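1. Predicted model and sequence follow; I will ask about them next.
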Amino acid sequence: MELGSTLTQFLIEEQWKFKEASGEFTGLLVDIATAAKVISREINKAGLNDILGYQGGQNVHGEQVQKLDLFANDTFIQTLSPAKQLIAIVSEEMEDPYQVSEISPKGKYVLLMDPLDGSSNIDVNISIGSIFSIYRRKSDGGRATMEDFLQSGRLQVCAGYVLYGSSTMLIYTTGYGVHGFTLDPGIGEFLLSHENMRIPEEGKIYSINEAYTSHWDEGTRKYVEEAKKGEKTARYVGSLVADFHRNLLKGGIFLYPADSRNPDGKLRLLYEASPLAYIVEQAGGKATTGKGAILDLIPEKLHQRVPLIIGSKKDVEHAEACLNTHRED
């Protein structure tokens, strides 16, 4: 496809490559893009409307709920609920799945999402994002069950994210390359801007919150020391999608390892780690917990947390070697 093709045109072209394709999946991705446009519009008006700051209360993770978190979560649900392709939606912001079964009792897919990652950064105009993942349902009947959501990351049929930054971008993969689209606000369309994205095999950037150095294990300390000796540059936005997107384009590594405060890690497997791992592997990179591939993990619960080391293949393998050399268990 030519650069500048619309997302819908691109999806239809991709659909034609598969004789068994019904068009349902194409419609679902178009609906996700529609929700992203609505969220992008409100983010671009932040400061002019009453959408900044805390909503009050805590989410299922014990975190303060931002107004934008709720807005993004509601926008995705309202936009995607009429989609006949979906049987249920699960979100980082909700304790239990949202069943779409009354509308779509024969839906083939489930959607998992972090509706707005890094939303606290919007107050200071830092890039934030939405992350999504789609699986084929495994259960029969009118309602989705846990087995539909607790699947290995390798069974994803689609993963993607939307970056709300200096421009709004939608990046996705269905297992046949990673493609990026930039929103043209003048015509309200996502246009192809990055086809077949590939992450450099090695990068010059490492991203980690060094304020937590005292909580790291020796393997993590060793890797960061060696990264500095190797003249890598520290770049850490503190917004996962923004840090990941930069490294996807330029090469590098992002680390949110297990530490003494979070021995099981901090990031969520289903809503953050697994979708980004699927994307980075499709782009030629690698993602690991430090002990094994993120995509090989079988989730045990919806809101499971994991360590995440993700990025350029050689950089991640170097980090793994440091962690394994100093592993205590």
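-> Here it is on my side, so go on.
2. residue ranges for the helices of this structure, please.
-> 7-15, 24-43, 67-80, 146-149, 218-229, 240-250, 274-282, 313-325 (DSSP state H).
3. Out of those helices, flag the one nearest Ser119.
-> The minimum distance between Ser119 and the helices of the chain falls on helix 67-80, with 4.5 Å, by C-beta to C-beta. To be clear about C-beta, it is placed using only N, CA and C from the backbone, and glycine gets the same treatment.
4. what angle sits between the closest one and helix 24-43?
-> Interaxial angle, helix 67-80 versus helix 24-43 (axes from the mean of the first three to the mean of the last three C-alpha atoms, to 10 degrees): 150 degrees.
5. packing partners for helix 67-80?
-> helix 24-43, strand 54-58, strand 86-91, strand 109-117 (3 or more C-beta pairs under 8 Å, 6 or more residues apart in numbering; DSSP states H and E).
6. isn't Ile131 right next to Leu276, touching?
-> Yes - proximity of Ile131 to Leu276 meets the contact threshold set by C-beta atoms under 8 Å, at 6.9 Å.
7. Which neighbours do these two have in common?
-> By C-beta atoms under 8 Å, 6 or more residues apart in numbering, Ile131 and Leu276 have these common neighbours: Tyr161, Leu240.
8. mind listing what the closest residue to Gly188 other than its chain neighbours touches?
-> Leaving aside its sequence neighbours, Gly188 sits nearest to Lys37 (C-beta to C-beta, 6 or more residues apart in numbering; 6.4 Å). Contacts for Lys37 were tallied using C-beta under 8 Å, 6+ apart; they are Thr168, Leu183, Gly188, Phe190.
9. Mind pulling up the pLDDT for the last one?
-> As predicted, Phe190 sits at a pLDDT of 97.
10. cool, and Arg137?
-> 93.
11. What number of residues are in the vicinity of it?
-> 20 (other C-beta atoms under 10 Å).
12. and if you look at Arg136?
-> Quick note: Arg136 (other C-beta under 10 Å) scores 14 neighbours.
13. Ok, Tyr98 next?
-> Tyr98: 18 surrounding residues under other C-beta under 10 Å.
14. That one pairs with what?
-> Ile89 (DSSP bridges).
15. Can you list the buried residues in stretch 299-317?
-> 299, 302-316 (16 or more other C-beta atoms under 10 Å).
16. which ones are touching the residue nearest to Gly285 when sequence neighbours are not counted?
-> Spatial nearest neighbour of Gly285, excluding adjacent residues (C-beta to C-beta, 6+ apart): Ile199 at 4.3 Å. Taking C-beta under 8 Å, 6+ apart, we find Ile199 in contact with Asn247, Leu248, Leu249, Gly251, Val280, Ala283, Gly284, Gly285, Gly311, Ser312, Lys313.
17. and of those, the nearest to Glu218?
-> For the contacts of Ile199, the nearest to Glu218 is Gly311 (21.2 Å; C-beta to C-beta).
18. Nearest spatial neighbour of Ala319, chain-adjacent residues omitted?
-> Excluding the flanking residues, the one nearest Ala319 by C-beta to C-beta, 6+ apart is Tyr223, at 4.7 Å.
19. Which residues are in contact with that neighbour?
-> So Tyr223 contacts Leu255, His318, Ala319, Cys322, Leu323 (C-beta under 8 Å, 6+ apart).
20. For Phe254, see how far away it is.
-> 12 Å (C-beta to C-beta, to the nearest Å).
21. can I assume Val162 is in contact with Val38?
-> No - using C-beta under 8 Å, Val162 is not in contact with Val38; the gap is 11.1 Å.
22. Need phi/psi at Ile298.
-> phi -100, psi 110 (degrees, to the nearest 10).
23. Let me know whether it touches Phe149 as I believe.
-> No - applying C-beta under 8 Å, one finds Ile298 not in contact with Phe149, separated by 11.6 Å.
24. quick check: domain ranges of the chain?
-> According to automatic domain parsing, the chain comprises the domains 7-194, 205-325.
25. Pull up the gap between the nearest residue to Gly290 once chain neighbours are set aside and Lys291, please.
-> Excluding the flanking residues, the one nearest Gly290 by C-beta to C-beta, 6+ apart is Leu323, at 4.5 Å. Leu323 sits 8 Å away from Lys291, going by C-beta to C-beta.
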